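**Q** whatever this is, show me its structure:
(2 chains)
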Amino acid sequence: MKYQPPHALQPVSTHYCAGCGHGVAHRLICEVIDELGIRERVLAVAPVGCAVLAYDYWNFDVTEAAHGRAPAVATGMKRCNPDKLVFTYQGDGDLAAIGAGEIVNAANRGELISVFFINNANYGMTGGQMAPTTLLGQKTTTSPAGRVARREGWPMKVVEMLTQLDGVAFAARCALHTPKHIRDAKRAIHTAFVTQMQEAGFAIVELLAACPVGWGVTPIQAIELVEQQMIPVYPLGVFKQASSPVSLPS
Amino acid sequence: MAGNHALAEGAIQAGCDAYFGYPITPQNEIPEYMAARMPEEGRVFVQSESELAAISMVMGAAVTGKRAMTTSSSPGISLMQEGISYLCGCELPAVIANVVRGGPGLGNIAAAQSDYFQAVKGGGHGDYHLFVLAPASVQEMFDFAFWAFDLAFKYRNPVMILTDGLIGQMMEPLTIREPSWPRATPVSFDARDWALTGAAGRPPRSFKSLFLGDGVLEAHNAKLQAKYARAAATEVRYETVATEDAQLLLVAYGIMARVCRETVDRLRARGIKAGLLRPLTLWPFPTAWLAAHAAQFAHILVVELSCGQMVEDVQLAVQARTPVSFYGRAGGGIVTCQELTAVAIERLGIKETS
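**A** Okay, the predicted model is just below:
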């Protein structure tokens, strides 16, 4: 079978660092968009953060949003255009810190949008500062001695939190560090779009991603850290599926 | 009808597709009215979780070419400055009304005009301007909604209706009809050639205010400034009352312009030739009119419900050709005709015998 990049992805190089999870996440979203045949109906919101330039890589309509406000922008887009498929793509500083109010309330309203949430346990774009998702003990430029719970709080479990809200129809956490995990992630992204197409409610997929540069390790080491340190804190699986709650098929 | 309801109905009649807002006094009548009326019209109403979210929802609607609106009052408008800067950077149409209350901080809920600087000088970051419209009656609350959407789409820029708690709450007769003035032309509300409508049969589109390439942001800013210069040359609107032979010029907008209008009559009844300049657009400001006419007056008195904000724009326009002074109250007190008449006489240096 001949390799074909997805039509929904522009044939350009990205600015992402070696070993970064964003490229994989972009590609999975674009593959699903192609497979569902929805590229011409998609309206996306790019975040403030490493993925702010996503509009240069995606072959569909995209808008920028202020830091953290993507779910509110997506709310305006979707409410005015219920026939379109609207998604936000957000990092952990964007979604879990400055945009915590927007994500919780968009989820609680059951906005018919899909959210792809890249958790790489730090602020990548600004140079590796501590995020709400930073692991305990993890050294960042703003937690130089390692994150301490009583000083900086605990790693924020976004999907578990949002699962409690009645407006959420689909919530899953996946990872992007092995081919098997990437296949699972693609399935979850597919379900998130289908959830929106069925107007079942709000859908979120958290994607654990490596950030070798932000973490100060090699890409290989970063992949090992996702498996050994992130997954024990951020368990994978489908946390909520409104119609039939199931775990991800392997 | 009350001013806030008139503004809401005006926006609906002007074709507002979507309203997003968060409760704050003294403008709650607007989201409440919209919550009932917008669904009746098959249009969008969302009560947002904050003013940050409300203005971002407006942006989401605006990128798809819709006529979107939000309203708030001073503290809430401060929160919206983030989104306003993005709307300007991305060149998106939107209508924002500020039913001003006293500040700073939580201030109080009485009428004020103390957000002039924020509205006119750019309360958010970056080099940008909003169109700022100042209604002075319930009828103008209704009419200016049409004008605001005209300007927003003609220039693809946010427009602020700067009003206050008094005009918002007061009741006056209202004629519901499409106004013919003030309006902006030509305007097209057909957004298909620029909005995000889905990349069907065309290349993808994006809205962004991030320009990292060498010189690109400079060029973008030059483009914005050229737009503002075009608007400033075309869209200034003001009213003058009895200025032709006036020795004293009063300058006021909104509710204070009504007090000043009455004061002009009272002063003239006492033989003092007073006139009034009322800017309808606070940005762009009637600088040219002031520059051309300043020399004919003995004194220019600027009256605001603030500690003196618009007076700076008057001084800039007058360029010391004529003495300019200020009178105002901030914090809930309303300047009365009686008070103002006495102030005007004192500023003119007239010794009255009684």
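**Q** ranges for the strands of the chain?
**A** Just going to use chain A. Ranges of strands in chain A, per DSSP state E, are A:42-46, A:61-64, A:85-91, A:114-119, A:168-175, A:202-208, A:237-241.
**Q** um, chain B though
**A** Under the criterion DSSP E, chain B contains strands at B:18-21, B:44-47, B:68-72, B:94-100, B:131-133, B:158-164, B:206-207, B:238-241, B:248-251, B:274-279, B:281-283, B:299-304, B:324-328.
**Q** hey, what's the angle from the third one to strand B:158-164? Just curious.
**A** So the one you mean is strand B:68-72. On the basis of axes from the mean of the first three to the mean of the last three Cα atoms, to 10 degrees, strand B:68-72 is oriented at 30 degrees to strand B:158-164.
**Q** just checking, what packs against strand B:68-72?
**A** On a contact count with 3 or more Cβ pairs under 8 Å, 6 or more residues apart in numbering or on different chains; DSSP states H and E, strand B:68-72 meets strand B:18-21, helix B:51-63, helix B:74-90, strand B:94-100. From N, CA and C alone the C-beta is placed, and that goes for glycine too.
**Q** can you list the low-confidence ranges for chain B?
**A** B:352-354 (pLDDT under 70).
**Q** tell me which residue of it lies closest to chain A.
**A** Chain A sits closest to B:Gly60 of chain B, with a gap of 2.5 Å, by Cβ to the nearest Cβ.
**Q** separation between that residue and B:Gly215?
**A** Distance of B:Gly60 to B:Gly215, computed by Cβ to Cβ, to the nearest Å: 30 Å.
**Q** quick one: the helices and strands packed on strand B:68-72 as JSON lines, columns for mean neighbour count too.
**A** JSON lines is the format used below for the helices and strands packed on strand B:68-72 (neighbours: other Cβ atoms under 10 Å in any protein chain shown):
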{"stretch": "strand B:18-21", "mean neighbour count": "28"}
{"stretch": "helix B:51-63", "mean neighbour count": "31"}
{"stretch": "helix B:74-90", "mean neighbour count": "23"}
{"stretch": "strand B:94-100", "mean neighbour count": "29"}
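**Q** okay if I get those as TSV plus distance to A:Gln90?
**A** Listed next are those as TSV, based on distance: least, Cβ to Cβ, whole Å:
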stretch	distance to A:Gln90
strand B:18-21	20
helix B:51-63	13
helix B:74-90	16
strand B:94-100	23
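**Q** on that earlier part again, is it possible to get TSV of the strands of chain A that adds mean neighbour count and mean pLDDT?
**A** Formatted as TSV, the strands of chain A follow (neighbours: other Cβ atoms under 10 Å in any protein chain shown; pLDDT from 0 to 100):
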stretch	mean neighbour count	mean pLDDT
strand A:42-46	28	98
strand A:61-64	26	98
strand A:85-91	28	98
strand A:114-119	28	98
strand A:168-175	26	98
strand A:202-208	28	98
strand A:237-241	20	97
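**Q** out of the ones you listed, nearest to B:Tyr327?
**A** strand A:61-64 (44.6 Å; Cβ to Cβ).
**Q** which of the residues in the longest helix along chain A are buried?
**A** In chain A, taking DSSP state H as the definition, the longest helix is helix A:179-197. Buried positions in helix A:179-197, judged by neighbour count with 16 or more other Cβ atoms under 10 Å in any protein chain shown: A:181-182, A:184-193, A:195-196.
**Q** same thing with stretch B:196-209?
**A** Neighbour count says stretch B:196-209 has B:Leu196, B:Thr197, B:Gly198, B:Ala199, B:Pro204, B:Arg205, B:Ser206, B:Phe207, B:Lys208, B:Ser209 buried, by 16+ other Cβ under 10 Å.
**Q** ok, back up a step: quick one, which of the helices and strands packed on strand B:68-72 is nearest to A:Asp166?
**A** Nearest to A:Asp166, of all the helices and strands packed on strand B:68-72, is helix B:51-63, at 19.4 Å by Cβ to Cβ.
**Q** where do the helices sit along the chain?
**A** All of this is about chain A. Ranges of helices within chain A are A:22-36, A:70-80, A:92, A:100-108, A:149-152, A:158-163, A:179-197, A:212-215, A:219-225, A:231-233, based on DSSP H.
**Q** nope, chain B
**A** B:3-13, B:29-40, B:51-63, B:74-90, B:116-121, B:138-155, B:165-169, B:216-234, B:254-269, B:287-293, B:310-318, B:337-348.
**Q** and these, which is most packed in?
**A** helix B:51-63 (a mean of 31; mean count of other Cβ atoms under 10 Å in any protein chain shown).
**Q** so that helix versus strand A:85-91, what angle?
**A** With the same axes, to 10 degrees defining the directions, helix B:51-63 sits at 130 degrees from strand A:85-91.
**Q** so helix B:51-63 versus helix A:70-80, what angle?
**A** Going by the same axes, to 10 degrees, helix B:51-63 makes 50 degrees with helix A:70-80.
**Q** circling back to that earlier point, dump the strands of chain B to JSON lines, plus distance to B:Ala222.
**A** JSON lines is the format used below for the strands of chain B (distance: least, Cβ to Cβ, whole Å):
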{"stretch": "strand B:18-21", "distance to B:Ala222": "32"}
{"stretch": "strand B:44-47", "distance to B:Ala222": "35"}
{"stretch": "strand B:68-72", "distance to B:Ala222": "27"}
{"stretch": "strand B:94-100", "distance to B:Ala222": "23"}
{"stretch": "strand B:131-133", "distance to B:Ala222": "20"}
{"stretch": "strand B:158-164", "distance to B:Ala222": "20"}
{"stretch": "strand B:206-207", "distance to B:Ala222": "19"}
{"stretch": "strand B:238-241", "distance to B:Ala222": "28"}
{"stretch": "strand B:248-251", "distance to B:Ala222": "32"}
{"stretch": "strand B:274-279", "distance to B:Ala222": "27"}
{"stretch": "strand B:281-283", "distance to B:Ala222": "19"}
{"stretch": "strand B:299-304", "distance to B:Ala222": "33"}
{"stretch": "strand B:324-328", "distance to B:Ala222": "33"}
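**Q** apart from its chain neighbours, what residue comes closest to the residue of chain B closest to chain A?
**A** Of all residues not flanking B:Gly60 in the chain, A:Gly76 sits nearest, at 2.5 Å (Cβ to Cβ, 6 or more residues apart in numbering or on different chains).
**Q** isn't that neighbour up against B:Ala18?
**A** Yes: if you go by Cβ atoms under 8 Å, A:Gly76 and B:Ala18 touch, sitting 6.7 Å apart.
**Q** between the two, which contacts overlap?
**A** B:Val46, B:Met57, B:Val58, B:Ala61, B:Ala68 (Cβ atoms under 8 Å, 6 or more residues apart in numbering or on different chains).
**Q** how about the residues of chain A by chain B?
**A** Within chain A, the positions near chain B by Cβ under 8 Å from any Cβ of the partner chain are A:39-43, A:45-46, A:52-53, A:55, A:58-66, A:69, A:72-81, A:84, A:101-102, A:104-105, A:109.
**Q** now with 6 Å, please.
**A** Within chain A, the positions near chain B by Cβ under 6 Å from any Cβ of the partner chain are A:40-41, A:43, A:55, A:59-64, A:66, A:69, A:72-73, A:75-77, A:79-81, A:84, A:101-102, A:105.
**Q** B:Ile161 contacts B:Ala134, correct?
**A** No: between B:Ile161 and B:Ala134 there is no contact under Cβ atoms under 6 Å: 8.0 Å.
**Q** any regions of chain A where pLDDT drops low?
**A** Along chain A, segments meeting pLDDT under 70 span A:1, A:243-250.
**Q** so what's the residue of it found nearest chain B up against?
**A** Of all residues in chain A, A:Gly76 sits closest to chain B, at 2.5 Å by Cβ to the nearest Cβ. For A:Gly76, the contacting residues are B:Met57, B:Gly60, B:Ala61, by Cβ atoms under 6 Å, 6 or more residues apart in numbering or on different chains.
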